[in-house]
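Q: Okay, predicted coordinates and the sequence, questions at the end:
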Amino acid sequence: MTSTPTLAPAKPVPSGPAPARTRRRPGRLRRHMWHYIFLTPMALLFVAFTVWPMLASWWYSLFNWDGIGPASDWVGLANYTEVLQSPKFWHSFGNSFLFSLVAICVQMPLALLAAILLNSARLRGRNLYRLLLFLPVVTSTPVIGIIFAILLDPSGGLLNQILSWSGLSSAPVTFLSESYALPTLMVIDIWKTFGVTLVYWLAALQTVPGDLYEAASIDGANGRQRLRHVTLPVIAPIAVVILVLTFQGSMNPFDLVQAMTQGGPNHATDVVATYIYHYAFSPDLNAPRFGFVCAAGVVFGMVTLVITVLQGPLLRRYYLRGSR
């Protein structure tokens, strides 16, 4: 007698439309394709005008090259040795450092005071004052140089006329002489770049929560105490960043110096950029020394890089302190 096999019950057929297949998520490249497309032109320009010139400077600094034809006269580190032993280079470097030192010690505190005043909601017309202080930043530096050269002219400039009429000076002052040219350029540079540091401080002050001011007022703190115990501790991490940006930005006042004094008189106002410009494009030279100026630029860039690297411990320290 044969036994009939038992059949498994048939699965019920689900009613309704069939479930849609799960689509595979597109890859990272497909998801961000348009982002990469729009970033490509900027990346190409960055490589062509920043990365490649920087790498080429390192290479050409090892040659005695006048910029014509391929570099073939290999000199190794001789250009670096000459730069490091050049008194004019270190003189120009000292002037660049003085520009930054004055910007840190004078411009930053003044800009902080101006930012605190302009950040007050009780000040009427504060947006107009901000605009007036920022206006020199967007003004062409060569135009500023020409205007100040006219104003400071000892033979009839407006400033000398004011000094004469007020009785402060009987003889005309030569502001662009060897003794006064560098301090004069520093004052003009502070006025020119004051608005940038002001914007930095205003952005830092916007990060201070209003609740902290209200709590300090409830505890009986006056304006000076709120500034000392609330504002300054909160903006301390950003202040370190502002200090580094101000230091690096003020180390290269090439456009102002070139427009007003071209590094003179007698190299009194030479900065590193005008020093490099002289050896690369001065008509007084028999042939430009592009290999030498590349070495000078590399040395100057390395100093700037060291300053940037040294800011790391300070930033971590103040960020950790500000987050407590």
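A: Okay, I see it.

Q: What spatial separation is found between residue 98 and residue 140?
A: Residue 98 sits 25 Å away from residue 140, going by Cβ to Cβ, to the nearest Å. To be clear about C-beta, it is placed using only N, CA and C from the backbone, and glycine gets the same treatment.

Q: Look at the two and report which has more neighbours.
A: The residue with more neighbours, out of residue 98 and residue 140, is residue 98; 16 against 10, by other Cβ atoms under 10 Å.

Q: Let me know whether that one touches residue 185 as I believe.
A: No. At 10.1 Å, residue 98 does not count as touching residue 185 under the criterion of Cβ atoms under 8 Å.

Q: Find the centremost residue of the protein, please.
A: Centroid-nearest residue in the chain, with Cα atoms, centre = their mean: residue 249, separated by 3.8 Å.

Q: mind listing what it touches?
A: With contact taken as Cβ atoms under 8 Å, 6 or more residues apart in numbering, residue 249 is in contact with 103, 193, 196.

Q: For it, report the pLDDT, please.
A: Residue 249 is assigned 85 on the pLDDT scale.

Q: Give the buried residues for stretch 53-65.
A: For stretch 53-65, the neighbour count (16 or more other Cβ atoms under 10 Å) marks 57, 60-65 as buried.

Q: So which residues of this protein form strands?
A: For the chain, no strands are identified by DSSP state E.

Q: quick one: low-confidence ranges for it?
A: Applying pLDDT under 70 to the chain flags the ranges 1-27, 311-312, 314-324.

Q: What count of nearby residues applies to the closest residue to residue 149 other than its chain neighbours?
A: Closest residue to residue 149 apart from its sequence neighbours, by Cβ to Cβ, 6 or more residues apart in numbering: residue 260 at 5.8 Å. Neighbour count of residue 260, defined by other Cβ under 10 Å: 24.

Q: when you give positions from now on, start the count at 144
A: Sure, I'll start counting at 144 from here, so that last one is residue 403.

Q: ok, so what distance separates residue 403 from residue 285?
A: Using Cβ to Cβ, we find residue 403 at a distance of 9 Å from residue 285.

Q: before we move on, back to that, which of the buried residues of stretch 196-208 sit farthest apart?
A: Farthest-apart pair in these is 200 and 207; separation 14.8 Å (Cβ to Cβ).

Q: Spit out the contact partners of the closest residue in space to residue 418 that isn't next to it in sequence.
A: Nearest non-adjacent residue to residue 418, counting by Cβ to Cβ, 6+ apart: residue 235, 4.0 Å away. By Cβ under 8 Å, 6+ apart, the residues touching residue 235 are 406, 410, 413-415, 417-418.

Q: cutoff 10 Å now
A: By Cβ atoms under 10 Å, 6 or more residues apart in numbering, the contact list for residue 235 reads 229, 400, 406, 410, 412-419, 421, 439, 443.

Q: can you tell me which two in those are farthest apart?
A: 229 and 400 (18.5 Å).

Q: quick one, which of these two is more surrounded?
A: Neighbours of residue 229 and residue 400, each counted by other Cβ under 10 Å, are more numerous for residue 400; the result is 29 against 16.

Q: From residue 244, how far off is that one?
A: Distance from residue 400 to residue 244, by Cβ to Cβ: 16 Å.

Q: And for residue 277?
A: From residue 277 to residue 244 the distance is 24 Å (Cβ to Cβ).

Q: and if you look at residue 412?
A: According to Cβ to Cβ, residue 412 and residue 244 sit 15 Å apart.

Q: can you map out the helices along the stretch 294-443 of the chain?
A: 301-309, 324-348, 353-361, 366-369, 375-392, 397-403, 415-424, 433-466 (DSSP state H, counting those that start in this stretch).

Q: my read: residue 409 touches residue 319, true?
A: No. Judged on Cβ atoms under 10 Å, residue 409 makes no contact with residue 319 at a distance of 11.9 Å.

Q: quick one, what contacts residue 280?
A: 335-342.

Q: do that again at 6 Å, thanks
A: Residues near residue 280 by Cβ atoms under 6 Å, 6 or more residues apart in numbering: 338-339.

Q: what's the spacing between it and residue 315?
A: 31 Å.

Q: Then residue 239?
A: 30 Å.

Q: again, but for residue 417
A: From residue 417 over to residue 315 the distance is 27 Å, taken as Cβ to Cβ.

Q: same question, residue 353
A: Between residue 353 and residue 315 the distance is 53 Å, computed by Cβ to Cβ.
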